[in-house]
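**Q** Sequence below, structure please.
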Amino acid sequence: MDEAIAAILDAVKSRHPDVVSQHAFDAAAFDASRDLPILHTLHLPPIVPACSGRGNHELRPPGDRVAHCLRGWRSAGIEVGRLIRNGVPDVDVVSKNPSRVALVAGRISPEKGIDHALAAARIAGLRVRVAGALYDPGYDLDLDGADRLGELTRLDLRRVMAESAVTICAVRWRSRSGWSPQRPRWPGCPVAAYRRGAMAEVVEEGVTGFLAEARPISKGSR
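**A** Sure, this is the predicted structure:
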């Protein structure tokens, strides 16, 4: 991976760009891009020590070139110059009659809390649809009884949301304002989520959805 990143950035440097927008979350990407006029957009909090500079200050990205996850990166000792918030495009609301089905949308990985979302839907007596690609092959997740839709285009996802009673976002970390809880706004689908991270900024309580305190759900819950 390090060799591939170095080769990519060597090729970029040879073209003498005016600016480079980089979305890589790898320590090598910070290290190999030091001589470039680069904007690092960080989509994750500082969960990798090498990336946050803990123990290796040379890998810290410049403070005025970091966006997203403001509090986490500042607590790791990196000063953030400007926060760039996510947004959603204006689109026509799809008029549909939703059925009693819960949608779980996003990459299938542990931090997304798919298992908690499935448990919550089953406790509520709702059939479950899961939309998203398997991101972590080692994630042992029981999807028996759920309708697996796979990875959908934005248009298809919007249609499925319009047909769903609720979209459940049970992320297990202090997520920044991501796409998953904002996309349901397009078709007017309410969001059920944990009250953590930026969810309170995205979900208007009682209007666009409902927030719950982050408590673990045992496997035996009903």
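
**Q** can you list the residues that contact the helix ranked longest in the chain?
**A** Counting by DSSP state H, the longest helix found in the chain is helix 2-14. Contact partners of helix 2-14, identified using Cβ atoms under 8 Å, 6 or more residues apart in numbering, comprise 20, 24, 26, 28, 29, 32, 33, 35, 36. The C-beta positions use only the backbone N, C-alpha and C, and glycine is treated the same way.

**Q** tell me the mean pLDDT over it?
**A** For helix 2-14, mean pLDDT is 92.

**Q** related to what we said a few turns ago, okay, the contacts of helix 2-14 in TSV with neighbour count next?
**A** Formatted as TSV, those follow (neighbours: other Cβ atoms under 10 Å):
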residue	neighbour count
20	15
24	19
26	17
28	18
29	22
32	20
33	22
35	8
36	15
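
**Q** name the helices or strands packed onto the first helix or strand past the longest helix of the chain going along the chain?
**A** As assigned by DSSP states H and E, the chain's next helix or strand after helix 2-14 is strand 20-22. When contacts are defined as 3 or more Cβ pairs under 8 Å, 6 or more residues apart in numbering; DSSP states H and E, strand 20-22 packs onto strand 38-41.

**Q** And the strand it packs on, what's buried?
**A** Within strand 38-41, the residues that count as buried by 16 or more other Cβ atoms under 10 Å are 38, 39, 40.

**Q** Partner strands of that strand, with direction?
**A** Partner strands for strand 38-41, per DSSP bridges, with pairing direction: strand 20-22 (parallel), strand 66-67 (parallel).

**Q** And the average pLDDT for the helix or strand just after the first one is what?
**A** In other words, strand 20-22. Using DSSP H and E, the helix or strand that directly follows strand 20-22 along the chain is helix 27-32. Across helix 27-32, the average pLDDT comes to 84.

**Q** just how off-centre is helix 27-32 within its chain?
**A** The chain centroid and the centroid of helix 27-32 are separated by 22 Å under Cα atoms, centre = their mean, to the nearest Å.

**Q** Show me what it is packed up against.
**A** helix 2-14, helix 49-52.

**Q** tell me the most buried of those helices?
**A** Highest mean neighbour count of the helices and strands packed on helix 27-32: helix 49-52, a mean of 19 (counted as mean count of other Cβ atoms under 10 Å).
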